[in-house]
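# sequence and predicted structure, then a few things I'm wondering about:
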Amino acid sequence: MSDEAISESDEARDLVGEYQFGFHDEDNSVIRFNNGLSEQIVRDISAIKNEPEWMTDIRVKAYHHFVEREMPKWGSPEILNNIDFEAITYFLRSTDSTKDDWKDVPEDIQNTFDKVGLREAEGTWLGGITAQYDSEAVYHSIREDLESQGVIFLDMDTGLREHPELVKKYFGKVVPHSDNKFAALNTAVWSGGSFVYIPKGIHVEMPIQSYFRINAENMGQFERTLILADEGSSVHYIEGCTAPSFASTALHSAVVELIAMDGAKIRYSTIQNWSNNVLNLVTKRAHAMKNSTVEWIDSNIGSGLTMKYPAILLKGEGSHAEVVSVAYAGKGQHQDTGAKVHHLAANTTSNIISKSISKDGGRSTYRGMLQVLPKAHNCRSKIVCDALMLDPDSRSDTYPTMEIGNSSADLEHEASVSKVSGDQLFYLMSRGFNEQEAMGLIVNGFFEPFTRELPADYAVEMNKLLNIKMEGSIG
Amino acid sequence: MVRDMTGEILNISNLHVSVEGTEIIKGLSLTISKGEVHAIMGRNGSGKSTLANVLMGHPAYQITSGEISYYGQPLEELEVFERARAGMFLSFQYPSVLPGVKVGTFLKKSIEAVSGEAVKQKDFRTQLKAAMALLDMDRSFLSRYVNDGFSGGEKKRLEILQLVLLQPSLAILDETDSGLDIDALKIVSKGINQVIPQAGCIVITHYQRLLEHVKADYVHVMIDGKIVKSGGPDLAHKLEEQGYDWLEAKA
């Protein structure tokens, strides 16, 4: 008898509670700018970081584009148009520098990263971590064996200081500041994030992780990440994030740029678990060169509003894109997520899987774009979108867009929307499960076909979070 | 829980049940004790499945008058899952599909939910192996999703596997024989017979053929929401030969 068939992570079920990470530390910032945004604020951020002039120029240009650029008209215009950009803090430095020993990090911040589980993960299954707290990294570590192989994993500010030539060459090349209003904002006021370079042929076996923690009220967090995987290399990068629960809005607006050179493989996994007062407006895009693979595994469990559509441009022949997108929209949440894949070269392939759950009036939206250029012969793509609604107050919408310019493309598209039926609940309850346990089984079942594809630690983490959500919101 | 010394498990007294304002069960009384098998027979629409559902606590059925007690306790006070935990089991006529929920996981969690304690993997495996052997089930069942893509016969077999594993004190079998060929019927009966000595059992069926393999102590005929005739096993034979017309005339 197979163990796999009869064992499952039970420990997940033992955790109870509402949003677990809503606590906050006292604001002991070293530097905190006044709320509000202006060209001077943008210049001050650049100055305080002693940046080269070219970066200041990029920031200022992006700032003016942000001011002029109109808001997106999709997602949730009512929320977007009500963002008070003057009520946000654009820069907050918590410690005088990034430490490489937890002992040097202030105790309350240490404890916070303990509570979110980062320090335990660091010791067990990660090759390196960066812990960002509000605007900047407070702690960073990387395994020596990775460093000696030439792997660069730094927070972005340090990356710019130590590798200005690489940053200058690639910064904003995948996501230009003019891409959208929030990409412009990020380019103007970015701070923190990760800079990663994997040398040719190097396979980083243990994942590396960045953790983004917002602590201060009214905070704006604008990390900027650039990952370069050189020819034939591979890396798995994981990001996690949480924030305190406040009554007022916090803004998280990141830009992530990935470049997978010929034959390289990048897997980028996200466990987004912001508190509900965080607006999460993120631009993520990758360039995939010849025979390379890029995977976005994007789970959105928290935030009040998320608008995020990880994109992959398949630029090189034979490249492959994989987007797995999971969303949970509970009370007061709108997850507007999806994927964009552009087949720009021949023999490129893509898989998009989207799974969403709506509950207690939550709203989930799948917004997808699949494009095949006329010159891109023999492309293959499969898109599967499944939505599960746990009650009649919740909502789920699907907006798939396809632009197919080459008739040799082989496309599959499946979509389903299902509801938990009274009969299913009755059946489960007649087998001894209370309503919460019954819902939990149905939800785990809904995600099962793809959690079994995920790395074990990641799947356990995600199941845990989903179960907390399920349990916290019933009764 | 107070266990009745006489072995009485279930007592239904002058039960009236409505669904969306329509009365389906119109005054039904029945007492079941440990080790007894009560067959309930009748045409479609006579209220047999309603009885099964109302006993298990389906929210769509309202008890308008009458009483049901289970081990002397008013059944109404118990939620569906509490009835299961108190030892009641319903084998569904149409079991639900649970996409993505593996049979193996489901069975283990269900045993734990009903018993209220964690089950050791090793003990579970031993128990499961024996039950599946009894019901001639292949272990490949365990990694399939519950009832997903199952044939009618496979669904019924999974219901009886749960019956055997959960060891209820009151088993309600709602048309377990429908959709089964003669070989499958024999196998499923082995499972039911294993449970009978420790349980009271209600067997709802149209046909006499299941009763050739599962010996009923009492046979009750339901017409229009009432038990119109009760008797021993002979009554089932008579129904098989003569149908229900002679009883309907009386009713």
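Received, thanks. All figures in this text were calculated on a predicted structure; none of them were measured in a lab.
# next, the residue of the stretch 151-251 of chain B found nearest chain A: secondary structure please.
Taking Cβ to the nearest Cβ, chain A has its nearest neighbour within the stretch 151-251 of chain B at B:Q162, 6.9 Å off. The C-beta positions use only the backbone N, C-alpha and C, and glycine is treated the same way. Reducing the assignment at B:Q162 to three states with DSSP: H, G, I helix; E, B strand; the rest coil gives helix.
# so A:V341, which of the three states?
strand.
# can you pull out the helices in the stretch 1-150 of chain B?
Taking DSSP state H, counting those that start in this stretch to define them, one finds helices in the stretch 1-150 of chain B at B:48-56, B:80-85, B:103-115, B:121-134.
# mind exporting the first one as CSV, just the C-alpha atoms?
Presented in CSV, the C-alpha positions along helix B:48-56 are these (Å, rounded to 0.1, in the frame of the first residue of the first chain):
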residue,chain,number,x,y,z
LYS,B,48,-37.8,5.2,2.1
SER,B,49,-34.9,7.5,1.2
THR,B,50,-36.4,10.4,3.1
LEU,B,51,-36.3,8.2,6.2
ALA,B,52,-32.6,7.5,5.6
ASN,B,53,-31.8,11.2,5.1
VAL,B,54,-33.8,12.4,8.1
LEU,B,55,-32.2,9.9,10.4
MET,B,56,-28.7,11.2,9.3
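# pull out the buried residues from it.
By neighbour count with 16 or more other Cβ atoms under 10 Å in any protein chain shown, helix B:48-56 contains the buried residues B:K48, B:S49, B:T50, B:L51, B:A52, B:N53, B:V54, B:L55, B:M56.
# equivalent analysis for the shortest one, please.
In terms of neighbour count (16+ other Cβ under 10 Å), helix B:80-85 has its buried residues at B:V80, B:F81, B:R83, B:A84, B:R85.
# same question for the last one.
Neighbour counts using 16+ other Cβ under 10 Å place B:F124, B:R125, B:Q127, B:L128, B:A131, B:M132, B:L134 of helix B:121-134 among the buried residues.
# distance of the second one from B:L107?
Distance from B:R125 to B:L107, counting by Cβ to Cβ, to the nearest Å: 11 Å.
# what's the answer for the first one, then?
For B:F124, the distance to B:L107 equals 8 Å [Cβ to Cβ].
# now the helix or strand of chain B with the lowest mean pLDDT: buried residues?
In chain B, no helix or strand scores lower on mean pLDDT, DSSP states H and E than helix B:245-250, which sits at a mean of 78. Within helix B:245-250, the residues that count as buried by 16+ other Cβ under 10 Å are B:L247.
# of the buried residues of helix B:121-134, which are in range of chain A?
Within the set of the buried residues of helix B:121-134, contact with chain A (Cβ under 8 Å from any Cβ of the partner chain) is found for B:F124, B:R125, B:L128.
# want to throw those into JSON lines with pLDDT?
Below are those laid out as JSON lines (pLDDT from 0 to 100):
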{"residue": "B:F124", "pLDDT": "95"}
{"residue": "B:R125", "pLDDT": "95"}
{"residue": "B:L128", "pLDDT": "96"}
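# one step back: and of the buried residues of helix B:121-134, the nearest to chain A?
Closest to chain A, out of all of the buried residues of helix B:121-134 and judged by Cβ to the nearest Cβ, is B:R125, at 5.7 Å.
# the one helix or strand A:S356 maps to: how far from the chain's middle?
For A:S356, the enclosing helix or strand under DSSP states H and E is strand A:349-358. Mean-position distance between strand A:349-358 and its chain equals 15 Å (Cα atoms, centre = their mean, to the nearest Å).
# ok, stretch B:222-233 next?
Counting by Cα atoms, centre = their mean, stretch B:222-233 is centred 17 Å from the centre of its parent chain.
# can you list the residues that contact it?
The contact list for stretch B:222-233 (Cβ atoms under 8 Å, 6 or more residues apart in numbering or on different chains) reads B:17, B:23-30, B:40-43, B:46-48, B:50-51, B:211, B:215-221, B:235, B:244, B:247-248, B:250-251.
# now the strands for chain B?
Along chain B, counting by DSSP state E, strands occupy B:8-19, B:22-33, B:37-41, B:61-70, B:73-74, B:88-91, B:170-174, B:200-205, B:218-223, B:226-231.
# can you list the ones you listed in a markdown table and add mean pLDDT and mean neighbour count?
Formatted as a markdown table, the strands of chain B follow (pLDDT from 0 to 100; neighbours: other Cβ atoms under 10 Å in any protein chain shown):
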| stretch | mean pLDDT | mean neighbour count |
| --- | --- | --- |
| strand B:8-19 | 96 | 19 |
| strand B:22-33 | 96 | 17 |
| strand B:37-41 | 96 | 24 |
| strand B:61-70 | 96 | 16 |
| strand B:73-74 | 94 | 12 |
| strand B:88-91 | 98 | 27 |
| strand B:170-174 | 97 | 25 |
| strand B:200-205 | 96 | 24 |
| strand B:218-223 | 96 | 22 |
| strand B:226-231 | 94 | 17 |
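# ok, which of those strands comes nearest A:D391?
Smallest distance to A:D391 across the strands of chain B (Cβ to Cβ): 21.9 Å, for strand B:61-70.
# tell me the strands beside the closest one, with direction?
Each strand that pairs with strand B:61-70, with its direction, by DSSP bridges: strand B:8-19 (antiparallel), strand B:73-74 (antiparallel).
# quick one: residues contacting the closest residue to A:I227 other than its chain neighbours.
Distances taken as Cβ to Cβ, 6 or more residues apart in numbering or on different chains place A:V196 nearest to A:I227, at 4.2 Å, with adjacent residues excluded. Residues near A:V196 by Cβ under 8 Å, 6+ apart: A:V151, A:I152, A:F153, A:L154, A:I208, A:T225, A:L226, A:I227, A:L228, A:V235, A:Y237.
# which segments of chain A make up each domain?
Following automatic domain parsing, one gets these domains for chain A: A:25-432, A:433-475.
# with A:V324 as the reference, measure out to the residue positioned nearest the centre of chain A.
Centroid-nearest residue in chain A: A:T270, 4.2 Å away (criterion: Cα atoms, centre = their mean). For A:T270, the distance to A:V324 equals 10 Å [Cβ to Cβ].
# also B:N53?
Taken as Cβ to Cβ, the span from B:N53 to A:V324 is 40 Å.
# next, count neighbours for the residue of the stretch 151-251 of chain B closest to chain A.
The number of residues packed near B:Q162 is 25, by other Cβ atoms under 10 Å in any protein chain shown.
# that one reaches B:L90, doesn't it?
No - look at B:Q162 against B:L90 with Cβ atoms under 8 Å: they stay out of range, at 9.9 Å.
# show the contacting residues for residue 23.
All of this is about chain A. The contact partners of A:F23, taken as Cβ under 8 Å, 6+ apart, are A:T112, A:K115, A:P244.
# to clarify, I was referring to chain B.
B:H16, B:V17, B:T64, B:G225.
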